[in-house]
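Enquirer: got a sequence here, can you build the structure:
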Amino acid sequence: MRDEEKSAALLDWYDRHARDMPWRVGPADRRQGVLPDPYRVWLSEVMLQQTTVAAVRAYFLKFTALWPRVTDLAAAEDPDVMAAWAGLGYYARARNLLKCARAVTANHGGVFPRTREGLLTLPGIGPYTASAIASIAYDERATVVDGNVERVMARLFDIHTPLPTAKPELTERAEALTPASRPGDHAQAVMDLGATICTPRNPACGICPLREPCLARARGTQGELPRKLPKAVKPTRLGIAYVARRADGAWLLETRPDKGLLGGMLGWPGSDWNDDPQPNPPINADWTLLEAEARHTFTHFHLRLAIMTADVAVQDVPDRGQFVPASRFRPADLPTVMRKVYDLAAATLRPV
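Expert: Numbers count the residues shown, from 1 in each chain. Okay, here's the model as predicted:
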């Protein structure tokens with residue numbers, strides 16, 4: 001089967017089985033002339049990086065309700081955006097989201113550039129996101145390659161070179177399959193195929209629209225692909241988190257530096273995260289060490305946080321951070337690891 005025939009079979013399948021997503025304009029609507037909103041495409045693609053569709057859906061709906069246009073997001077207060085992002089992880093994405101929205105508003109009149117090359121000039125937009133926006137929003141013939149696409153290509157062409165070494169070859173195969181007509185729908189079709197049929201485990205080859213030309217299915221190797229190089233063992237870092245509550249119910253919190261993990265997010269004052277964290281209490285108090293510790297895994301390491309708690313007087317002044325009144329404190333605004341600390345600490349502090 002020629003590449004053109006593979007693409008046609010995939011688009012025919014997509015026309016009948018496209019997933020319904022709040023950021024997507026489905027094939028039926030596109031035939032009626034409804035065009036994708038580049039802002040919604042961009043927002044969804046940024047949110048979907050390193051995250052599942054199921055996790056993103058509620059966040060996307062919240063963001064688009066609060067900031068329905070890119071100009072609205074550009075005008076938003078940084079803490080409000082960071083709070084809305086809390087729990088979605090990879091917080092540098094939220095900072096870049098604001099930078100990009102403000103660049104689009106200030107430099108492009110609130111309209112995203114229409115080409116991949118133009119999109120690459122925006123802060124926080126790399127090759128993958130630029131290709132996705134150009135393809136899906138503007139129907140530019142740009143090749144979109146995510147984990148789903150890599151898996152489909154590895155199996156379709158029975159490529160045994162392990163990832164990430166195989167990326168150039170898999171991208172070349174995906175590019176050859178991308179049609180000049182409907183490249184955006186084609187990109188979403190390959191991603192949908194990988195997410196629903198050509199899944200990591202137990203692919204449903206019997207109902208796959210590409211089952212006939214799939215070399216891995218013919219050779220019985222689909223369960224082995226894509227191959228991946230062994231992952232390095234993640235190290236474990238240690239840290240200390242300090243949870244202080246004032247007699248009037250206010251909590252001592254600080255905004256983390258813009259650079260680094262959880263940059264710009266609200267959190268508990270604490271020590272550095274390393275092999276031997278040194279005590280660094282933010283306020284003079286009678287601190288108590290909890291028996292339980294908060295554990296969290298980031299991309300490159302595991303984290304174990306010892307938790308120190310203290311009740312402090314209204315007149316006590318912290319060395320760093322600021323007290324947030326109980327009426328304005330929402331645990332949901334904290335990133336996941338900080339929320340884990342709160343859950344463990346809150347029950348141990350005396351009622352206010």
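
Enquirer: what ranges do the strands span in the chain?
Expert: Secondary structure of the chain (DSSP state E): strands at 236-246, 251-255, 266-267, 288-289, 294-297, 302-312, 322-324.

Enquirer: same list, those, but as CSV with mean neighbour count, distance to Tyr342 and mean pLDDT please.
Expert: No exception for glycine: its C-beta is placed from N, CA and C like everyone else's. Converted to CSV, those look like this (neighbours: other CB atoms under 10 Å; distance: least, CB to CB, whole Å; pLDDT from 0 to 100):
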stretch, mean neighbour count, distance to Tyr342, mean pLDDT
strand 236-246, 21, 7, 96
strand 251-255, 20, 8, 95
strand 266-267, 21, 10, 92
strand 288-289, 12, 16, 95
strand 294-297, 16, 9, 95
strand 302-312, 20, 9, 96
strand 322-324, 17, 12, 95
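
Enquirer: and the ones you listed: which comes nearest Thr129?
Expert: Taking CB to CB, strand 294-297 is the member of the strands of the chain nearest to Thr129, at 24.8 Å.

Enquirer: what's in contact with that closest one?
Expert: Under the contact criterion CB atoms under 8 Å, 6 or more residues apart in numbering, strand 294-297 has outside partners Lys234, Ala241, His302, Leu303, Arg304, Leu305, Ile307, Thr336, Val337, Lys340, Val341, Leu344.

Enquirer: tell me the one among these nearest to Arg24.
Expert: Nearest member of the contacts of strand 294-297 to Arg24, counting by CB to CB, is Thr336, at 26.9 Å.

Enquirer: break the chain into its domains for me.
Expert: 3-224, 236-346 (automatic domain parsing).

Enquirer: that older thread, would you reformat the contacts of strand 294-297 as CSV and include distance to Asn148?
Expert: Below are the contacts of strand 294-297 laid out as CSV (distance: CB to CB, whole Å):
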residue, distance to Asn148
Lys234, 24
Ala241, 37
His302, 27
Leu303, 29
Arg304, 33
Leu305, 34
Ile307, 39
Thr336, 25
Val337, 28
Lys340, 30
Val341, 34
Leu344, 37
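
Enquirer: can you mark which positions in the helix ranked longest in the chain are buried?
Expert: For the chain, the longest helix by residue count, based on DSSP state H, is helix 92-108. Neighbour-count burial for helix 92-108 flags Arg93, Ala94, Arg95, Asn96, Leu97, Leu98, Cys100, Ala101, Arg102, Ala103, Val104, Thr105 (criterion: 16 or more other CB atoms under 10 Å).

Enquirer: also stretch 338-352?
Expert: Under 16+ other CB under 10 Å, the buried positions of stretch 338-352 are Met338, Arg339, Lys340, Val341, Tyr342, Leu344, Ala345, Leu349.

Enquirer: re earlier: relative to Met82, which of the contacts of strand 294-297 is nearest.
Expert: Thr336 (13.4 Å).

Enquirer: so what's Gly239 bridging to?
Expert: Assessed by DSSP bridges, Gly239 has beta-bridge partners Leu305.

Enquirer: give the contact list for it.
Expert: Gly239 neighbours (CB under 8 Å, 6+ apart): Gly270, Ser271, Asp272, Trp273, Asn274, Pro277, Leu303, Arg304, Leu305, Ala306.

Enquirer: go on, Arg245?
Expert: Applying CB under 8 Å, 6+ apart, the residues near Arg245 are Trp251, Leu252, Thr309, Ala310, Asp311, Val312, Leu349, Val352.

Enquirer: just these now: which is nearest Ala28?
Expert: Trp251 (49.7 Å).

Enquirer: thought the closest one was touching Arg328?
Expert: No - the pair Trp251 and Arg328 does not pass the contact test of CB atoms under 8 Å, sitting 9.5 Å apart.

Enquirer: residue furthest from the geometric center of the protein?
Expert: Gln315 (41.1 Å; CA atoms, centre = their mean).

Enquirer: state the phi and psi torsions of it.
Expert: Torsion angles at Gln315 (phi, psi; degrees, to the nearest 10) stand at phi -80, psi -10.

Enquirer: how far away is it from Ala9?
Expert: 73 Å (CB to CB, to the nearest Å).

Enquirer: and Val152, how far is that from Arg256?
Expert: Distance from Val152 to Arg256, by CB to CB: 39 Å.

Enquirer: coming back round to it: and the longest helix of the chain, average pLDDT?
Expert: The pLDDT scores in helix 92-108 average 95.

Enquirer: so where do the helices sit in the stretch 51-200 of the chain?
Expert: Secondary structure of the stretch 51-200 of the chain (DSSP state H, counting those that start in this stretch): helices located at 53-66, 70-74, 78-85, 92-108, 116-119, 127-138, 147-156, 167-177, 183-196.

Enquirer: what angle sits between the fourth one and helix 127-138?
Expert: When you say that, I think you mean helix 92-108. Using axes from the mean of the first three to the mean of the last three CA atoms, to 10 degrees, one finds that helix 92-108 and helix 127-138 are set 50 degrees apart in direction.

Enquirer: what do you get for the first one?
Expert: Per the same axes, to 10 degrees, the angle that helix 53-66 makes with helix 127-138 is 60 degrees.

Enquirer: got it, and the third one?
Expert: Calculated by the same axes, to 10 degrees, helix 78-85 forms an angle of 90 degrees with helix 127-138.

Enquirer: got the CA positions of helix 78-85 in CSV?
Expert: Taking C-alpha atoms only, helix 78-85 is exported to CSV below (Å, rounded to 0.1, in the frame of the first residue of the first chain):
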residue,chain,number,x,y,z
ASP,A,78,0.4,35.9,37.3
PRO,A,79,-0.6,34.4,40.6
ASP,A,80,-4.2,33.7,39.3
VAL,A,81,-2.8,31.8,36.3
MET,A,82,-0.3,29.8,38.5
ALA,A,83,-3.1,29.0,40.9
ALA,A,84,-5.4,27.8,38.1
TRP,A,85,-2.5,25.6,36.8
